[in-house]
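Asks: 3D model of this:
(one chain, ligands or ions: 1)
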Amino acid sequence: MNSYLQSLREKDVIRVEMVCLGNICRSPIAAAVLANRANEIESPKIIVTSSGTSSWHVGESAHRLSEKTWTLAGYEHSHSARQFLAENFDQVDLILAMDLSNQANILSLARNEVDREKVFMLRSFDPAAPSVEVPDPWGSEVEAYQEVLAMIEAAVSGLLRTLR
Ligand code: 4NP
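Replies: Modelled structure (predicted):
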């Protein structure tokens, strides 16, 4: 396993930030799933936040289809959109990008190697995933959001196996 991930397993608390573009569709679903499932492992305790690389939706609630999708699946979560900024690197231990453009945008803000080693693709934790990307459902019907949820759930299962 990656040595940085290995080191996180020794911590009592780890802070995870889910990041997409708008912080209204994918990363709020990812935060909802991880926050609700974090108690499946006794240690480390997991604190979850989310943000978007753009400022476009700052302060907004999640997209209604994201909220509908996680609620129907039994997750409880409240959300207000934030932008990912360079100082976020200091506030979290793990930064999980939804797609490769999100990852590139996050890495473009990294100030040093300490920042860079915190950045991973969420789906890289799902060994069965055919792609490392969670595709953007913005503009699609609810089925696309439900597919995103399923991808995220599988990845979160893998993440929890990695961290326990
Ligand atoms: P997200 O989806 O990155 O999963 O939150 C999007 C939300 C809004 C936009 C693009 C993607 N937008 O162009 O406003």
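Asks: flag every residue of the protein that's near the ligand.
Replies: Within the chain, the positions lying close to the ligand (CB under 6 Å from any ligand atom) are 20, 21, 22, 23, 24, 25, 26, 52, 56, 136, 138. For every residue, glycine as well, the C-beta is placed using N, CA and C.
Asks: quick check: residue 84 touching residue 52?
Replies: Yes: Residue 84 lies in contact with residue 52 (CB atoms under 8 Å); the separation is 6.5 Å.
Asks: give me the common contacts of these two.
Replies: 19, 23 (CB atoms under 8 Å, 6 or more residues apart in numbering).
Asks: quick one: which of the residues of the chain next to the ligand is the most crowded by neighbours?
Replies: Taking other CB atoms under 10 Å as the neighbour criterion, residue 26 ranks highest of the residues of the chain next to the ligand with 33 neighbours.
Asks: secondary structure element for residue 154?
Replies: Here residue 154 sits within helix 142-163, counting by DSSP states H and E.
Asks: list the buried ones in that helix?
Replies: By neighbour count on 16 or more other CB atoms under 10 Å, the buried set for helix 142-163 is 144-146, 148-149, 151-156, 158-160, 162-163.
Asks: nearest to the ligand, of these?
Replies: Among the buried residues of helix 142-163, residue 148 lies closest to the ligand (CB to the nearest ligand atom), at 8.0 Å.
Asks: quick check: closest non-adjacent residue to that closest one.
Replies: residue 137 (5.2 Å; CB to CB, 6 or more residues apart in numbering).
Asks: what's the burial count for the one you found?
Replies: 22.
Asks: repeat for residue 3
Replies: Residue 3 has 7 nearby residues by other CB under 10 Å.
Asks: and it, what does it touch?
Replies: Residue 3 neighbours (CB under 8 Å, 6+ apart): none.
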